[in-house]
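Undergrad: After the sequence you'll find the predicted model.
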Amino acid sequence: MSRLLTPLIRAVTYTRWLHLLVGAIIALVCGMVYPGLTRPGYGDWALMLLIPVPLLMVAAVIPVVRRAEGLQARLMLFPGAHARVEDGSGPGEAGVSVAPSASWRDRGRTAVWLVLRLWAGCAVAFVTGQLMALALQLVDATSGGPAEAESLIPVPGHGWAYALLVPVPPLVLLGVVALAGRLMASAALGLLGPSAAERLAALEERTEQLLERNRIARELHDSIGHALTVAVVQAGAARAAADPAFTDRALDAIEETGRAALEDLERVLLVLRESEQPARRRPTLTEADRLLDSARASGAEVDAEVLGALDTVPGPVSREGYRILQEALTNVLRHSGTVPIRVAVTVDDARLWLDVRNPLPVGSPVNGQGSGGGNGSGLRGIRERAALLGGRARTGPDEGQWRVHVELPLGCTPSSRTPGPLP
């Protein structure tokens, strides 16, 4: 019994009722012009259903009409959580598009929806009028007065017994409205739902968002992880050295590295907040000296060799190359400590090579530097960055040393070129 009475207390029942009645307005407007609303016959009602159809067909061609219908459906057919619970079909508004028509298929579906809404609205308006008139007839029959409303269902005689039947027409009306609203909601999902192109665009947008989140996660891991690693190594070295001059240099290195990490963190937060303030520029390989000096200040001996002009490297490649070099140096300091590091950066007309080598620490497993056999998130991030640019990265032990070797193409994207074998 409670399930039957549930539509009475749900707002969605009444918003859907209103949505259906609004759909009948154009038929009533056309009916006032022709054939008129003074005691219309069955033929007149049929004309009122057919005359607006050509107008709706023309309106459906206008792209923005589909957007207007979608917005109305979202607002009135799926107005909130109660509607989603009632329908049991998940978030209703997610299945109704609010984009303008982009194809003739969209326009055709919009035309079918407009005609369906017209006819369903007229049917519900007719049933509403008849059942409300019947309720008033029952009231008049109960009071013994003359009938002030007429319905297709006659009420013979008078008597107090009719008072028991007065609530029946409104309850039947609410049941009809609830059923009609449920059917219109289902029709809206089919006729106003996103097209295949819109679903593909939404999927691509979702994919871009996930890629952006992964990129931000890598940025934070590389930048903040590098800063913390340098700070820990510097603090430990300063404590072990017990040299005021070395301690000052270590504090300067910690301050500079921390400041750079804060700038990276601020830039990422600006992106996450979608602030109108432009995010700060991401560092490139032309600023690689900052990474090398930071590693040297930690006590590591860094031998760097640069062949080629770094300022000719395209922006995306140079920025990702900086992060790859940063992660490689961080990995050395974190897992091997202040050991000699050899860095080679080579640029030619087609490719960028990054090569970072360091001796494996005593007692290190042969299969990797650090935990997990070299499959940590940092090394995985290096390989992912290289793959996104159409390049390739190789990490692992090589003749008693740990080697990170990365090859990045300068003039292609992942979708336009397949990476070749590493030398």
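TA: Yep, that arrived.

Undergrad: show me where the stretch 51-200 of the chain has helices.
TA: Along the stretch 51-200 of the chain, counting by DSSP state H, counting those that start in this stretch, helices occupy 52-61, 63-76, 81-87, 104-143, 168-191, 196-241.

Undergrad: out of the ones you listed, which comes closest to Ile324?
TA: Among the helices of the stretch 51-200 of the chain, the nearest to Ile324 by C-beta to C-beta is helix 196-241 (8.5 Å). For glycine as for every other residue, the C-beta is placed from the backbone atoms N, C-alpha and C.

Undergrad: who are the neighbours of the helix or strand just after that closest one, in terms of helices and strands?
TA: Using DSSP states H and E, the helix or strand that directly follows helix 196-241 along the chain is helix 244-273. Judged by 3 or more C-beta pairs under 8 Å, 6 or more residues apart in numbering; DSSP states H and E, helix 244-273 is in contact with helix 196-241, helix 288-297.

Undergrad: weakest of these by average pLDDT?
TA: Mean pLDDT is lowest for helix 196-241 among the helices and strands packed on helix 244-273, at a mean of 69.

Undergrad: residue contacts, the spatially closest residue to Ile153 that is not a sequence neighbour?
TA: Of all residues not flanking Ile153 in the chain, Leu134 sits nearest, at 5.4 Å (C-beta to C-beta, 6 or more residues apart in numbering). Taking C-beta atoms under 8 Å, 6 or more residues apart in numbering, we find Leu134 in contact with 151, 153, 155, 169.

Undergrad: cool, Val404 as well?
TA: If you count contacts by C-beta under 8 Å, 6+ apart, then Val404 has 324, 328, 331, 354-357, 379, 382, 393-395 around it.

Undergrad: what do you get for Gly121?
TA: With C-beta under 8 Å, 6+ apart, Gly121 has these contacts: 20-25, 27.

Undergrad: sorry, back to before: minimum distance to Leu8: which of the helices of the stretch 51-200 of the chain has it?
TA: Closest of the helices of the stretch 51-200 of the chain to Leu8 is helix 168-191, at 6.1 Å (criterion: C-beta to C-beta).

Undergrad: Check what contacts the closest one and list those residues.
TA: By C-beta under 8 Å, 6+ apart, the residues outside helix 168-191 that reach it are 4, 7-8, 12-13, 16-17, 19-20, 73, 77-78, 83, 86-87, 89, 92, 95-96, 109-110, 112-113, 116-117, 120, 123-124, 127-128, 131-132, 134-135, 138.

Undergrad: Could you pull out the buried residues of that helix?
TA: By neighbour count on 16 or more other C-beta atoms under 10 Å, the buried set for helix 168-191 is 169, 173-174, 176-178, 180-182, 184-185, 187-189, 191.

Undergrad: Between these, which sits nearest Ala240?
TA: Distance ranking of the buried residues of helix 168-191 against Ala240, using C-beta to C-beta, places Leu189 first at 68.4 Å.

Undergrad: From Ala99, how far off is the closest one?
TA: As judged by C-beta to C-beta, to the nearest Å, Leu189 and Ala99 stand 15 Å apart.

Undergrad: Equivalent analysis for Ser294, please.
TA: From Ser294 across to Ala99, the span is 49 Å (C-beta to C-beta).

Undergrad: Looking at the two, which has the bigger crowd around it?
TA: A side-by-side neighbour count of Ser294 and Ala99, using other C-beta atoms under 10 Å, places Ser294 first with 26 against 16.

Undergrad: So that one is in contact with Glu255, correct?
TA: No. When contacts are counted by C-beta atoms under 8 Å, Ser294 is not listed as touching Glu255 (10.9 Å).

Undergrad: Any idea which helix or strand in the protein has the lowest mean pLDDT?
TA: For the chain, counting by mean pLDDT, DSSP states H and E, helix 81-87 ranks last in confidence among helices and strands (a mean of 41).

Undergrad: residues contacting Val332?
TA: By C-beta under 8 Å, 6+ apart, the contact list for Val332 reads 295, 300, 339, 341, 356, 358, 369, 402.

Undergrad: Flag the least confident of those residues.
TA: Within the contacts of Val332, Gln369 has the lowest pLDDT, namely 56.

Undergrad: on that earlier part again, buried ones among the contacts of Gly121?
TA: Among the contacts of Gly121, those scoring as buried are 20-21, 23-24, 27 (criterion: 16+ other C-beta under 10 Å).

Undergrad: which of those residues lies closest to Glu287?
TA: Gly23 (63.2 Å).

Undergrad: Which neighbouring residues are in contact with that closest one, exactly?
TA: Contacts for Gly23 (C-beta under 8 Å, 6+ apart) come out as 117-118, 120-122.

Undergrad: Buried subset of the residues you listed as a PyMOL selection?
TA: Buried residues within the contacts of Gly23, by 16+ other C-beta under 10 Å, are selected in PyMOL with:
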select buried, resi 117+118+120+121+122
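
Undergrad: mind giving me CSV with the contacts of Gly23 and columns for pLDDT and distance to Asp349?
TA: Listed next are those as CSV, based on pLDDT from 0 to 100; distance: C-beta to C-beta, whole Å:
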residue, pLDDT, distance to Asp349
Arg117, 95, 63
Leu118, 94, 67
Ala120, 95, 67
Gly121, 93, 69
Cys122, 92, 72
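
Undergrad: Switch the contacts of Gly23 over to TSV; also include distance to Thr284.
TA: Below are those laid out as TSV (distance: C-beta to C-beta, whole Å):
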residue	distance to Thr284
Arg117	57
Leu118	61
Ala120	61
Gly121	62
Cys122	67
